[in-house]
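Q: Predicted model follows, preceded by the sequence.
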Amino acid sequence: MTDEPNFDELDDDIQVLDSDQAIDVVQDTLDTFLEAASVDAVYGQPIQSGENTIIPAAEILSGLGFGVGSGYGSGSAPSDEEEGQAVGSGGGSGGGGGGRVLARPVAVIIASPEGVRVEPVVDATKIALAALTAAGFMTGMLLRMLSPKKAMKQM
């Protein structure tokens, strides 16, 4: 008995794409991904409120990565010691990818009879978390600098 996997059992589940099909899959994925960064995603539908028109604006961040692989092998005729065993074979392929699109509101554009103005969207929670993180780091560094054990090690 051998520890090598039986690839014949897997052949029914594997769909092999030729190069044109693979390029089509990548192109479709890129097209779908780039639609997320369109102008429609950045600027929302205008909202009419009396004489004012309000247009929401967002920041779109996107990241994408993918990779492909291939491989092949070779073999030789079986020797006397390896009777009945396949001595060489080859194959391989592979591919994968992933991506993420993040969107967050950043401003509201207000068009009124008095003019157009941009009102930023402020996330107070994010500002508070950043302030607490900075205060924690500064407190930690201050305590470390004032520690007599740390000061004695340096002398």
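A: Thanks, I have the structure now.

Q: Next secondary structure after the one helix or strand Thr32 maps to?
A: Thr32 belongs to helix 19-35 when assigned by DSSP states H and E. Once helix 19-35 ends, the next helix or strand along the chain (criterion: DSSP H and E) is helix 39-42.

Q: Mind giving me the packing neighbours of that next one?
A: With contacts taken as 3 or more CB pairs under 8 Å, 6 or more residues apart in numbering; DSSP states H and E, helix 39-42 sits against strand 52-69. Where C-beta positions appear, they are placed from N, C-alpha and C, glycine not excepted.

Q: what sits up against the strand it packs on?
A: 22, 26, 29-30, 33, 36-37, 41-44, 46-48, 92-112, 118 (CB atoms under 8 Å, 6 or more residues apart in numbering).

Q: ok, so what distance separates Gly118 from Gly63?
A: No, residue 118 isn't Gly; it's Val. Going from Val118 to Gly63 by CB to CB, to the nearest Å gives 27 Å.

Q: is it true that Met141 lies in a helix?
A: Yes: counting by DSSP: H, G, I helix; E, B strand; the rest coil, one finds Met141 located in a helix.
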